[in-house]
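> Got a sequence here, can you model it:
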Amino acid sequence: MDWRDYMIDTARAVSFLSRITVPANVFDGHDGSLSRGVRAFPLAGMLIALPAAATLFLMLVLGASPLLAAFAALAVQAVVTGALHEDGLSDAADGLGGGRDRDHALEIMKDSRIGSYGAVTLLLALGLRAAAIAELATHLGALGAALSLPAVAALSRALMVWHWSALPPARTSGLAFAVGTPLKSSLNLALISGLAIAAVLLVPTASLFAYFLAVVIAGLAASAFTAKVRRALSGHTGDTIGATQQVAEIAALAALAMAT
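Residues are numbered from 1 along each chain as shown. Modelled structure (predicted):
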C-alpha cells in the first residue's frame, strides 16, 4: 500500500465526513469517486472525533458531571461533522417509518423537512449516546471515556462502509450513486483498520471483553439495519449510509457502557 496515497485519501475522507477544511491540493486530479477512498474512513472518523474526546476529557478533569461533559462532547462532535450522519438518521427514520412503499419512502427521504419519526429518533439517539458516555466516564474515568469516542468513531465508519458495499444504490442519482461503490480491497482495509483502531484505544482502558462486545453488538445492529433497508428500499442511499454510522455508534457505546 502506498502510504502517501492513503494519507491523501484520509484527508479527503475528513473533508467528506466533516466540516474540517483540508488543503485544496489534496483534491488535485481527484474525480470525485470514493470507491478507493472509503478505505480511510475509519482513520478519518478517529481524527474527526478527537475534538469531542478532548472536550470530554477536559470537562471531566475540571469537575463537570459525566452527563454534562457527555452532552458537551456530543455538541462539539455535531459542530465538527455538521451533524451529517444525524441528518441521515432522521431522514432514514422518516422514510422507513412513514413510507407506504419503496417509492414513497425514497420520496420522503429526499424531503429536507423533518417528520415525527425523524425527530423522535434524533432525540433517542442523542439521549442514548449521552447516557452511555456518561456511564463510561463514571466507570473508566476521564481518559478511558475520552478514548472510547475515537474508537467507536472508527468502528462505526468501518461498518458504514460495509453497509455501503452490501447493498446496491437505491437510486440512479444522488450523492451515494455519484461517488461510486467501495472496492472490495477498500472495504477489507476499512474493516481491518476500524477493528484495529478500536482495539488499540479500547483494550488498554476498558477490557478485551468490552472491546469484543462492542464489536459484536455494533456489527449486529448494522446488520439488522441493513436487512431492514434491503427489504424496504432494495438498496442504500446517502441517508442510510449515514444512519448506519449512527446505529453502529449507539450500539457500540451502549455495549461498552454495559460491559464496564
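> so where is the stretch 101-250 of the chain shaky, pLDDT-wise?
174-177 (pLDDT under 70).
> in it, which spans are helices?
Taking DSSP state H, counting those that start in this stretch to define them, one finds helices in the stretch 101-250 of the chain at 102-110, 116-166, 175-178, 184-202, 208-233, 238-259.
> right, so those: which one is the most enclosed?
Mean neighbour count (mean count of other CB atoms under 10 Å) peaks for helix 238-259 among these, with a mean of 26. In short, each C-beta sits where N, CA and C put it, glycine included.
> helices and strands around that one, which ones?
Applying 3 or more CB pairs under 8 Å, 6 or more residues apart in numbering; DSSP states H and E, we find helix 238-259 packed against helix 84-98, helix 116-166, helix 175-178, helix 208-233.
> Just put those in JSON lines and tack on distance to Ala255.
Listed next are those as JSON lines, based on distance: least, CB to CB, whole Å:
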{"stretch": "helix 84-98", "distance to Ala255": "19"}
{"stretch": "helix 116-166", "distance to Ala255": "9"}
{"stretch": "helix 175-178", "distance to Ala255": "28"}
{"stretch": "helix 208-233", "distance to Ala255": "4"}
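> Which among those is found nearest to Leu56?
Closest to Leu56 of the helices and strands packed on helix 238-259 is helix 116-166 (CB to CB; 4.9 Å).
> Next, the angle helix 184-202 makes with that closest one.
On the basis of axes from the mean of the first three to the mean of the last three CA atoms, to 10 degrees, helix 116-166 is oriented at 120 degrees to helix 184-202.
> Output the contacting helices and strands for helix 116-166.
In terms of contacts (3+ CB pairs under 8 Å, 6+ apart), helix 116-166 is packed against helix 41-61, helix 66-81, helix 84-98, helix 184-202, helix 208-233, helix 238-259.
> could those be laid out in JSON lines, adding distance to Asp111?
Below are the helices and strands packed on helix 116-166 laid out as JSON lines (distance: least, CB to CB, whole Å):
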{"stretch": "helix 41-61", "distance to Asp111": "27"}
{"stretch": "helix 66-81", "distance to Asp111": "21"}
{"stretch": "helix 84-98", "distance to Asp111": "8"}
{"stretch": "helix 184-202", "distance to Asp111": "30"}
{"stretch": "helix 208-233", "distance to Asp111": "15"}
{"stretch": "helix 238-259", "distance to Asp111": "11"}
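> And the helices of the stretch 101-250 of the chain: which comes nearest Gly82?
Counting by CB to CB, Gly82 lies closest to helix 238-259 out of those; the figure is 11.1 Å.
> That closest one vs helix 116-166, what angle?
100 degrees.
> re earlier: for Ile197, which of the helices and strands packed on helix 238-259 is the nearest?
Closest among those, once you apply CB to CB, is helix 116-166, at 3.9 Å.
> That closest one vs helix 66-81, what angle?
Using the same axes, to 10 degrees: helix 116-166 against helix 66-81 is 60 degrees.
> Helix 116-166: how far from the chain's middle?
Centroid separation for helix 116-166 versus its chain: 8 Å, with CA atoms, centre = their mean, to the nearest Å.
> how about the helices and strands packed on helix 238-259, which one is nearest Leu253?
Closest to Leu253 of the helices and strands packed on helix 238-259 is helix 116-166 (CB to CB; 3.8 Å).
> before we move on, back to that, the helices of the stretch 101-250 of the chain: which one's closest to Ala24?
With CB to CB, the closest approach to Ala24 among these belongs to helix 175-178: 20.4 Å.
> contacting residues around stretch 212-228?
Residues outside stretch 212-228 that contact it (CB atoms under 8 Å, 6 or more residues apart in numbering): 96, 152, 155-156, 159-160, 162-163, 166-167, 195, 198, 202, 240, 243-244, 247-256, 258-259.
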